[in-house]
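Colleague: Provided below are the primary sequence and the corresponding predicted coordinates.
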Amino acid sequence: MTVFCMIDDKYVPIYRVMWISAIPHFCGSPDCQHEGDYEVRLEQGESVWASQDERDAAVEAVEAWQNELPDESDLE
């Protein structure tokens with residue numbers, strides 16, 4: 001398993017992902033470049049914008065990474 005997922009031609013470390021938008025961005029601004037894209041919020045207030053396929057792949061990568069972590073009961 002890799003620690004990166006590809007979003008908007010960038011290798012993003014999965015551990016930096018704070019949340020992933022469930023619905024596409026819509027602000028109505030005529031000069032907005034991210035209408036229909038999904039926001040992936042990273043640490044320190046940074047964001048990257050993903051297509052639906054990239055968003056789905058990022059969610060799967062985070063879930064797979066989480067499933068690899070040991071249970072708290074295993075740490076005792």
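Modeller: Perfect, thanks for sending it. In this text the structure is predicted, and so the values were computed from the model without any measurement. Numbers count the residues shown, from 1 in each chain.

Colleague: And Tyr38, its phi and psi?
Modeller: Torsion angles at Tyr38 (phi, psi; degrees, to the nearest 10) stand at phi -110, psi 130.

Colleague: Can you classify Trp49 by secondary structure?
Modeller: strand (DSSP: H, G, I helix; E, B strand; the rest coil).

Colleague: Could you report the distance from the nearest residue to it once chain neighbours are set aside to Arg55?
Modeller: Spatially, and ignoring its direct neighbours in sequence, Trp49 is nearest to Asp37 (4.1 Å; Cβ to Cβ, 6 or more residues apart in numbering). Glycine gets a C-beta too; all of them are placed from N, C-alpha and C. Distance, Asp37 to Arg55, by Cβ to Cβ, to the nearest Å: 8 Å.

Colleague: still on that earlier bit, thinking the residue nearest to Trp49 is in contact with His25, fair?
Modeller: Yes. Asp37 is within contact range of His25, at 5.4 Å (criterion: Cβ atoms under 8 Å).

Colleague: Need the overlap of contacts for the two.
Modeller: Both Asp37 and His25 are contacted by Trp49, under the criterion Cβ atoms under 8 Å, 6 or more residues apart in numbering.

Colleague: who touches the residue nearest to Trp49 in this structure?
Modeller: Per Cβ under 8 Å, 6+ apart, neighbours of Asp37: 24-25, 49-51.

Colleague: same check, this time on Ile7
Modeller: Counting by Cβ under 8 Å, 6+ apart, Ile7 touches 40, 48-50, 54, 58.

Colleague: one more time with 10 Å
Modeller: Applying Cβ atoms under 10 Å, 6 or more residues apart in numbering, we find Ile7 in contact with 17, 20, 38, 40, 42, 48-51, 54-55, 57-58, 61.
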